[in-house]
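Trainee: I would like to see how this sequence folds:
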Amino acid sequence: MLAAVRSDVGKVREINEDCVYLSEPYTNELMIAIVADGMGGHLAGEIASKTAVETIYQELKSTIQEQRTIEEYQNALEFVIRQANSKVYQQSINQEDYRGMGTTIIASIISPQWIIIGHIGDSRAYLFTENQVKQLTTDHSLVNELLKSGQISQEEAINHPKKNVLTRALGTDENVKIDMHVIEWSQDQTLLLCTDGLTNRLSEEKILSVVNQARLSPQEITDHLVELANQAGGEDNISVIVIRHD
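Mentor: So this is what the prediction gives:
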C-alpha cells in the first residue's frame, strides 16, 4: 500500500482546524489513517480535532500491532473513538473558551484485504475503482437530511446556506452514535479520506479524474487535489489522505 497525507489552511482561514494522522505500515501490514475537521470558537476547533486524533492513534497503536480478528479491531476502533468523544466533551464543559466545540472524525484501520472505518460528521471516505467512485460514509449534516427527505434538490444542496450545520459531531454530547463500516478492497483500488474543504470545492467527477491519473503518485494526487481546491476558492481548510492498494 502506498500512502500520502496533506493538510492545508486554504486561502481564507487564518488557522487550520483540521487535524490528520497517517501511520507507517506496521509489521503486520496494518495502517492507521485519521481525518478530523474541528469546529468551535477561537482555537477551540483546532483543540477538538487535535485532541480527538491524538487520543485515537495513541490508544490504538498498541492494539493494532497485535494479531486480532476483524471484529476485535472494529470493536477497538469504536472504543477509542468513544474515548476521544469523552475527552473532547470534558474539555468543552470544563473550560469556558472551549464550550460547544467538537469535530468530525473519520478513523480507519487499513489492511491489504479490508478497511474498517469509524465515522461521525461530514468528512468523507471514498473508494475509487478504475472509473468508479463510491462514497463509503454518509454525511451527518442538515443539508443531507433535507436532501434525503426530498426537501431540497442536489443542485440546491451544493450552495445551501446551512451547508456547514452538522447533525452529529464528536465531543458535542456525552454520548455519540458512531457509524462503523467494514469494506473489502483489492489491488488497484484507492482509498481517499478528506474534510469538506475538498468536497465543497471539487465534484466527485473531478476528484476521480485526478485519482485515476496513473502516472501520479499518492503524494502527487493529494498535492494536486489541495491545489485545485485552493484554485476553486479555498474558503476552508483542506485535508486529504490517499492510500493506493498497489
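Trainee: which stretches of this protein have low pLDDT?
Mentor: Within the chain, the ranges that satisfy pLDDT under 70 run 42, 147-148, 150, 153-163.
Trainee: if you set the cut-off to 80 instead, what comes out?
Mentor: Low-confidence segments of the chain (pLDDT under 80): 41-43, 141-165, 214.
Trainee: Show me where it has its helices.
Mentor: Secondary structure of the chain (DSSP state H): helices located at 44-64, 70-94, 142-148, 154-158, 196-199, 204-211, 218-231.
Trainee: okay, the first one in CSV with CA atoms only?
Mentor: When you say that, I think you mean helix 44-64. C-alpha atoms of helix 44-64 as CSV (Å, rounded to 0.1, in the frame of the first residue of the first chain):
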residue,chain,number,x,y,z
ALA,A,44,-11.5,25.6,20.0
GLY,A,45,-11.9,23.7,16.8
GLU,A,46,-8.2,23.2,16.5
ILE,A,47,-8.1,21.8,20.1
ALA,A,48,-11.1,19.5,19.4
SER,A,49,-9.7,17.9,16.3
LYS,A,50,-6.1,17.6,17.7
THR,A,51,-7.4,16.0,20.9
ALA,A,52,-9.6,13.5,19.0
VAL,A,53,-6.9,12.5,16.6
GLU,A,54,-4.1,12.1,19.2
THR,A,55,-6.4,10.2,21.6
ILE,A,56,-7.4,7.7,18.8
TYR,A,57,-4.0,6.9,17.5
GLN,A,58,-2.3,6.8,20.9
GLU,A,59,-4.9,4.4,22.2
LEU,A,60,-5.0,2.3,19.1
LYS,A,61,-1.3,1.9,18.2
SER,A,62,-0.6,-0.9,20.7
THR,A,63,-3.8,-2.8,19.7
ILE,A,64,-3.1,-2.6,16.0
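Trainee: and the helices of the chain as a markdown table, adding distance to residue 27 and mean neighbour count?
Mentor: Yep, even glycine has a C-beta here, placed from its N, CA and C like the rest. Formatted as a markdown table, the helices of the chain follow (distance: least, C-beta to C-beta, whole Å; neighbours: other C-beta atoms under 10 Å):
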| stretch | distance to residue 27 | mean neighbour count |
| --- | --- | --- |
| helix 44-64 | 10 | 21 |
| helix 70-94 | 15 | 18 |
| helix 142-148 | 39 | 16 |
| helix 154-158 | 44 | 11 |
| helix 196-199 | 32 | 24 |
| helix 204-211 | 29 | 16 |
| helix 218-231 | 21 | 19 |
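Trainee: Burial check on residue 41, number of neighbours?
Mentor: Each residue near residue 41 was counted by other C-beta atoms under 10 Å, and the total is 12.
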